[in-house]
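> what follows is a predicted structure for the sequence shown.
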Amino acid sequence: MKLDGENLYRAREFARRSGVTVRTLHHYDRLGLLKPSRYTQAGYRLYSEPDLARLQQIVTLKFIGLSLKQIKEILNQKSFDLAAALRTQRKIIAEKRQHLDLAIQAIEKAEEVMVPGREPDWEIFKNIIEVINMERNMEWTRKYYSEEAREEIAKRAATISPEVIEQSQRDWTALIKEVEGAVAAGEDPAGEKAQELAARWATLVRGFTGGNSEIQTGLNKMYADKANWPDSMPQFFSDEVQAYICEAMAIGKAKR
């Protein structure tokens, strides 16, 4: 129906057009999350086209993991910028897509090596679990990065192939083991071996930061706050490894 030149839809029609249930609309109304634009004289809810834009925000924010309470707080801000919100949502979903691509690739590799009647390589399944959990494990890290850094990370994530990421993970695993060996052997941080390890470490870090100072600042903040990481976050290397490589890098920097 039209009222004052505005297209209005009853709850059932609006639900059909938007792809949600009438029950969901009623629930959002009770929460004050999506109030109808108007009501009929008989008390039926009437929704307008701008309500559809708000519903899209709710659905997308819910999809990226926010609670309905958080969504209500965000959308009710007086300074809410729809265009900026859409950009942010696009970037977050792009990051999710990257994680999903990695999970699909890990599962495909598991399928390829499965041989009927032979004991499976359980390390492959461990890798699948780690990849799938990666998104949940890393969401909390966003607080350490500035808006500029998060935008750059999302941009880089959209351009780096899963193959490159997988190779980087292998390189990190190998390097950390070598550094652990150097620590155990009592290698001098100023020695040639330690300096070579530090140079490789710096190269892999640049693979993540792209040389962006804002990303590097956020990364430094995150590792400085290592004691407060959630329990679900795996410890990729020990405090001893971190201290050793930081000392080696500081010595190398002083020499240059």
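In hand now; what should we look at?
> helices along the protein, start to end?
11-18, 22-30, 49-63, 68-75, 82-113, 122-139, 147-159, 162-185, 192-209, 213-224, 239-255 (DSSP state H).
> for stretch 182-192, output the C-alpha coordinates as CSV.
Output in CSV follows, covering the C-alpha atoms of stretch 182-192 (Å, rounded to 0.1, in the frame of the first residue of the first chain):
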residue,chain,number,x,y,z
ALA,A,182,69.2,-22.2,18.7
VAL,A,183,67.9,-21.3,22.1
ALA,A,184,68.4,-24.9,23.4
ALA,A,185,71.9,-25.0,22.0
GLY,A,186,72.8,-21.6,23.6
GLU,A,187,73.6,-19.9,20.3
ASP,A,188,74.9,-16.4,20.8
PRO,A,189,72.1,-13.9,19.6
ALA,A,190,74.9,-11.8,18.0
GLY,A,191,76.3,-14.8,16.1
GLU,A,192,75.9,-15.5,12.5
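> buried set for stretch 28-46?
Within stretch 28-46, the residues that qualify as buried are Tyr28, Leu33, Leu34, Pro36, Arg45, Leu46, counting by 16 or more other Cβ atoms under 10 Å. (Glycine included, C-beta is placed from N, CA and C.)
> what's near enough to touch the fourth one?
To tie it back to what came earlier, the one meant is Pro36. Residues in contact with Pro36, defined by Cβ atoms under 8 Å, 6 or more residues apart in numbering, are Ala11, Asp29, Arg45, Leu46, Tyr47, Asp51.
> again, only using 10 Å
By Cβ atoms under 10 Å, 6 or more residues apart in numbering, Pro36 lies in contact with 8-11, 14, 25, 28-29, 44-48, 51.
> out of the helices of the chain, which gets nearest to Thr40?
Closest approach to Thr40 among these (Cβ to Cβ): helix 11-18, 10.7 Å.
> any idea how far that closest one is from the chain center?
The chain centroid and the centroid of helix 11-18 are separated by 32 Å, computed with Cα atoms, centre = their mean, to the nearest Å.
> could you pull out the buried residues of it?
Ala11, Phe14, Ala15, Ser18.
> likewise stretch 239-256?
By neighbour count on 16+ other Cβ under 10 Å, the buried set for stretch 239-256 is Val241, Tyr244, Ile245, Ala248, Met249, Ile251, Gly252.
> so how many other residues sit close to the nearest residue to the second one once chain neighbours are set aside?
Read it as Tyr244. Nearest residue to Tyr244, sequence neighbours excluded (Cβ to Cβ, 6 or more residues apart in numbering): Val183, at 5.0 Å. Residues within reach of Val183, counting by other Cβ atoms under 10 Å, total 18.
> is it true that Val183 touches Ile245?
Yes. The criterion here is Cβ atoms under 10 Å, and Val183 meets it with Ile245 at 9.1 Å.
> shared neighbours of the two, anything?
Common contacts of Val183 and Ile245 (Cβ under 10 Å, 6+ apart): Pro189, Ala194, Phe237.
> for Thr60, state which of these is nearest.
Of those, the one sitting nearest to Thr60 (Cβ to Cβ) turns out to be Phe237, at 36.1 Å.
> does the closest one touch Leu197 like I think?
No. At 12.0 Å, Phe237 does not count as touching Leu197 under the criterion of Cβ under 10 Å.
> between the shared contacts of Val183 and Ile245, which is nearest Glu151?
Nearest to Glu151 among the shared contacts of Val183 and Ile245: Phe237, at 28.1 Å, using Cβ to Cβ.
> tell me the spacing between the closest one and Arg90.
With the distance defined as Cβ to Cβ, to the nearest Å, Phe237 ends up 33 Å from Arg90.
> these two: who's more crowded?
The neighbour comparison of Phe237 against Arg90 (other Cβ under 10 Å) goes to Phe237, with 16 against 12.
> tell me the buried residues in stretch 172-185?
Trp172, Leu175, Ile176, Val179, Ala182, Val183.
> mind putting those into a markdown table with pLDDT and distance to Trp140?
Output for the buried residues of stretch 172-185, formatted as a markdown table (pLDDT from 0 to 100; distance: Cβ to Cβ, whole Å):
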| residue | pLDDT | distance to Trp140 |
| --- | --- | --- |
| Trp172 | 91 | 20 |
| Leu175 | 94 | 25 |
| Ile176 | 93 | 22 |
| Val179 | 95 | 25 |
| Ala182 | 95 | 31 |
| Val183 | 94 | 28 |
